[in-house]
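Peer 1: how would this look folded up:
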Amino acid sequence: MKIDHKKELKHLYKPSAKAVELIEVPPMKFLMIDGQGDPNTSREYQEAIETLFSLSYTLKFMAKKGELGIDYTVMPLEGLWWVENMEDFDVDKKDEWLWTSMMMQPEFITREMVEEAMAKVKEKKDPPALSKVRFETYEEGPAGQIMHIGPFSEEGPTIQKLHNYIEEKGFQLSGKHHEIYLSDIRRAAPEKWKTVIRQPYK
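Peer 2: Numbers count the residues shown, from 1 in each chain. Presented below is the predicted three-dimensional model:
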């Protein structure tokens with residue numbers, strides 16, 4: 001039996017594309033890499049993604065073939081985006097963006113397993129970003145979210161709709177802009193890309 005956490009956590013990974021939903025995000029474990037710069041041109045960003053996928057698939061095969069004997073679907077890439085002063089956040093100044101690329105890991109993945117997977121990936125590929133990997137619990141809490149369908153460059157109105165809804169409900173935006181990339185952009189047409197847009201609030 002193969003576990004698909006996207007289906008088990010459908011309320012977190014498959015929101016409506018028509019209306020904003022308010023949710024409570026539980027603490028979850030992530031492999032995380034921090035960086036800065038334009039995701040479209042940054043080699044650092046590409047190296048982070050490659051490393052996260054290599055580690056995540058290594059952990060999947062370890063869990064399936066090891067003592068656990070559990071098969072599961074690798075979770076999608078996620079990203080946190082911000083600048084030091086969010087009042088200065090400018091979608092056109094991507095070089096100034098700070099980011100955390102991350103991939104959720106099932107509860108049964110332990111720190112020891114991650115360390116073993118890192119050793120395996122280092123021996124096989126030794127990607128430059130491997131030393132930057134963190135394995136941590138991320139606590140997001142209350143958040144609003146909506147599905148954006150289309151290219152990343154057209155997210156603006158969707159993000160504004162999300163922010164407006166949260167503020168109209170009397171809440172204050174807090175935390176980091178969060179995106180979850182559900183589509184394989186190498187294969188899917190840009191107009192069909194699915195991205196969960198999430199914004200924590202207080």
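
Peer 1: so residue 24 sits against residue 142, correct?
Peer 2: Yes: look at residue 24 against residue 142 with CB atoms under 8 Å: they come within range, at 5.8 Å. In this view, the C-beta of every residue, glycine as well, is placed from N, C-alpha and C.

Peer 1: so how far is residue 13 from the residue nearest the centre of the chain?
Peer 2: Geometric centre of the chain, nearest residue: residue 78, 1.2 Å, by CA atoms, centre = their mean. Distance check for residue 78 against residue 13: by CB to CB, to the nearest Å, it reads 10 Å.

Peer 1: pull up the overlap in contacts between these two.
Peer 2: Counting by CB atoms under 8 Å, 6 or more residues apart in numbering, the residues touching both residue 78 and residue 13 are residue 180.

Peer 1: what's the helix or strand harbouring residue 164 packed up against?
Peer 2: In this structure, residue 164 is located in helix 156-168 according to DSSP states H and E. Here helix 156-168 touches strand 141-149, strand 194-200, going by 3 or more CB pairs under 8 Å, 6 or more residues apart in numbering; DSSP states H and E.

Peer 1: burial of the residue lying closest to residue 5 once chain neighbours are set aside, as a residue count?
Peer 2: Nearest non-adjacent residue to residue 5, counting by CB to CB, 6 or more residues apart in numbering: residue 75, 6.0 Å away. If you count neighbours by other CB atoms under 10 Å, residue 75 ends up with 22.

Peer 1: could you check how far residue 75 is from residue 105?
Peer 2: Distance from residue 75 to residue 105, by CB to CB: 7 Å.

Peer 1: go on, residue 182?
Peer 2: According to CB to CB, residue 182 and residue 105 sit 17 Å apart.

Peer 1: of the two, which one has the most company?
Peer 2: Each of residue 182 and residue 105 has its neighbours counted (other CB under 10 Å); residue 105 has more, 24 against 18.

Peer 1: related to what we said a few turns ago, what sits in contact with each of residue 75 and residue 105?
Peer 2: Contact criterion CB under 8 Å, 6+ apart; residues shared by residue 75 and residue 105: residue 56.
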